[in-house]
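Undergrad: Need the 3D shape of this:
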Amino acid sequence: MTDIAPDAPTGRGTGRLEKVIALRVREYRRAAGLSIADMALRVGVSKAMLSKIENAQTSCSLATLERIADGLAIPVTALFRGVEADREAVYAPAGGGARIVRRGTRMGHDYRLLSVVRGPRTRQEALVVTLTAESEAFPLFHHPGIELIHMLEGEMVYAHGDARYAMRPGDTLHFDGEGPHGPAELVALPVRFLCVTVLDEASDGR
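TA: Take a look at the predicted model:
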């Protein structure tokens with residue numbers, strides 16, 4: 001039994017791609033309840049070749065990977081799951097977060113930046129906003145992207161466009177940042193809420 005395209009034995013097979021493919025092939029084969037011999041017969045590759053693939057000792061041709069995927073009834077891309085680059089994570093301990101300046105700062109609003117995470121096309125910011133007795137509501141503003149606020153403490157009336165929302169601890173408001181928005185009335189101080197904004201990387205944000 002031979003492969004339809006040659007695969008290059010590597011001897012050791014230390015590449016990250018080979019290791020990920022080895023894990024995925026073994027994972028899906030076992031999930032299908034197949035032995036290496038059964039699997040080799042089903043997909044049309046030799047038992048020796050399949051063993052090398054599962055031990056990351058060969059660099060597979062795309063044709064071989066397609067045969068394996070077809071035999072397991074999975075998309076060929078499933079065999080590459082886990083190859084992606086390490087994903088960013090940001091940890092902010094309790095009481096942490098840099099104090100940043102926003103338009104509301106001059107009104108006495110406190111902004112604590114918890115994290116900024118960048119994806120392929122977007123940027124996400126997470127802040128804790130605190131409005132104290134010295135704070136006052138300020139004119140509504142707008143920006144590109146989507147925003148979510150989750151109330152942690154106090155009570156306020158939050159405006160978005162022509163709508164007004166009574167926000168108390170546990171309440172969440174998710175909205176299009178292009179609509180004019182902001183605190184319209186501070187009812188019970190201090191007011192503290194989590195604010196998460198997702199922006200297109202091409203935009204300048206606020």
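Undergrad: So for the longest helix anywhere in the chain, mean pLDDT?
TA: Of all the segments assigned as helix in the chain under DSSP state H, the longest by residue count is helix 16-31. Averaged over helix 16-31, pLDDT sits at 89.
Undergrad: Which helix or strand lies directly C-terminal to it?
TA: Note on helix 16-31: by DSSP states H and E, the next helix or strand toward the C-terminus is helix 36-43.
Undergrad: Show me what the next helix or strand after that following helix is packed against.
TA: Moving toward the C-terminus from helix 36-43, the first helix or strand encountered (DSSP H and E) is helix 47-54. Judged by 3 or more C-beta pairs under 8 Å, 6 or more residues apart in numbering; DSSP states H and E, the packing partners of helix 47-54 are helix 16-31, helix 36-43, helix 62-72. (C-beta placed from N, C-alpha, C; glycine too.)
Undergrad: Any chance of the ones you listed in JSON lines with mean neighbour count and distance to residue 178 as columns?
TA: Rendered in JSON lines, the data for those read as follows (neighbours: other C-beta atoms under 10 Å; distance: least, C-beta to C-beta, whole Å):
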{"stretch": "helix 16-31", "mean neighbour count": "17", "distance to residue 178": "41"}
{"stretch": "helix 36-43", "mean neighbour count": "18", "distance to residue 178": "51"}
{"stretch": "helix 62-72", "mean neighbour count": "18", "distance to residue 178": "43"}
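Undergrad: For residue 155, which of the ones you listed is the nearest?
TA: Between residue 155 and the helices and strands packed on helix 47-54, the shortest separation by C-beta to C-beta is 50.6 Å, and it involves helix 16-31.
Undergrad: Quick one: list the elements packing against that closest one.
TA: Helices and strands in packing contact with helix 16-31 are listed as helix 47-54, strand 58-59, helix 62-72; criterion 3+ C-beta pairs under 8 Å, 6+ apart.
Undergrad: How far does that helix sit from its chain's centre?
TA: The offset between the C-alpha centroid of helix 16-31 and the centroid of the whole chain comes to 24 Å, using C-alpha atoms, centre = their mean, to the nearest Å.
Undergrad: Residue 49 versus residue 57, what's the distance?
TA: 10 Å (C-beta to C-beta, to the nearest Å).
Undergrad: Compare neighbour counts for those two and give me the winner.
TA: Counted by other C-beta atoms under 10 Å, residue 57 and residue 49 do not tie: residue 49 has more neighbours, with 20 against 17.
Undergrad: So which bits of the biggest strand by length in the chain are buried?
TA: Identified as the longest strand of the chain according to DSSP state E is strand 181-200. Buried residues in strand 181-200, counting neighbours by 16 or more other C-beta atoms under 10 Å, are found at 181-183, 186, 189, 191-193, 195-199.
Undergrad: now swap in stretch 45-55 and tell me
TA: By 16+ other C-beta under 10 Å, the buried positions in stretch 45-55 come out as 45, 49-50, 52-54.
Undergrad: go on, stretch 116-124?
TA: Under the neighbour-count criterion of 16+ other C-beta under 10 Å, stretch 116-124 has 123-124 buried.
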